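Q: I'll drop the sequence and a predicted model, then ask my questions.
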Amino acid sequence: MGIGAWVVLAIIVVAAVWAIGIYNGLVTLRNRFKNAFSQIDVQLKRRYDLIPNLVESVKGYMQHERGTLEAVVKARGSAVSAAQQAAAKPGDPAAMQGLAQAEGVLGGALGRLIAVFEQYPDLKANQNVLGLQEELSSTENKIAFSRQAYNDSVMEYNTKRESFPDNIFAGMFGFTAAELLQSTESPEERKAPKVSFS
């Protein structure tokens, strides 16, 4: 084997190692954003579990607010379904958009429910309701932090898969773009409802 053959062989080996490095880097980043989404999923499930308890706790007090309670229950059902679809395909554009829309509707329904609490002094003093509301608020904060971590991971993954020469290998090996988890709420819906228990 001549020197030319060794040089060609060395170039092939270096190119293969380089391609393997790019592939493994993309796999690592894809797994990172999928893991980040699983953290969102855990918090969403926690919130979905709290909502029926909250609705049951306030049902007796809010006889005239049946429409508000039904809207929360319906929005929760849609959000659970959207979260299951998103958990099956983290990063999938349609699944992420569906989840964001369902979460926006649920957030709006919960905001209206919490705003109605103001009309019921006995409800504002109920320790069970206050505890559930505190847990729900804490869970909302955890969801926000998890969403930020997920979006950061997706952005890092998408940046790598779109950068040259990684984009060549990303296309060859089926690394598709991942979707950020955006909020679809209007600026008015994003405002936290003011709740006063004085």
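A: Great, that's in hand. From a predicted model like this one, the values you see are computed outputs, not experimental measurements.
Q: wouldn't residue 95 be in contact with residue 83 here?
A: No - assessed by Cβ atoms under 8 Å, residue 95 is found out of contact with residue 83, at 9.4 Å. Placement of C-beta: from N, CA and C, glycine included.
Q: Tell me where this structure has helices.
A: Assigned by DSSP state H, the chain shows helices spanning 3-59, 66-88, 93-117, 121-125, 127-162, 166-172, 187-190.
Q: Counting neighbours, which bits of the second one end up buried?
A: Going by neighbour count (16 or more other Cβ atoms under 10 Å), the buried part of helix 66-88 is 68-69, 71-72, 75-76, 78-80, 82-83, 85-87.
Q: Which one of those is nearest to residue 158?
A: The closest of the buried residues of helix 66-88 to residue 158 turns out to be residue 86 (Cβ to Cβ; 17.0 Å).
Q: Name the spans of this protein whose pLDDT lies under the cut-off.
A: When the per-residue scores of the chain are filtered using pLDDT under 70, the ranges that remain are 63-64, 124, 183-198.
Q: Around residue 55, count how many other residues there are.
A: Burial measure for residue 55: 18 neighbouring residues, criterion other Cβ atoms under 10 Å.
Q: Ok, residue 50 next?
A: Residue 50 sits with 17 neighbouring residues when counted by other Cβ under 10 Å.
Q: who touches the closest residue to it other than its chain neighbours in this structure?
A: Counting by Cβ to Cβ, 6 or more residues apart in numbering, residue 136 is the residue found nearest to residue 50 once chain neighbours are left out, at 5.2 Å. Applying Cβ atoms under 8 Å, 6 or more residues apart in numbering, one finds that residue 136 lies in contact with 47, 50, 51, 54, 110.
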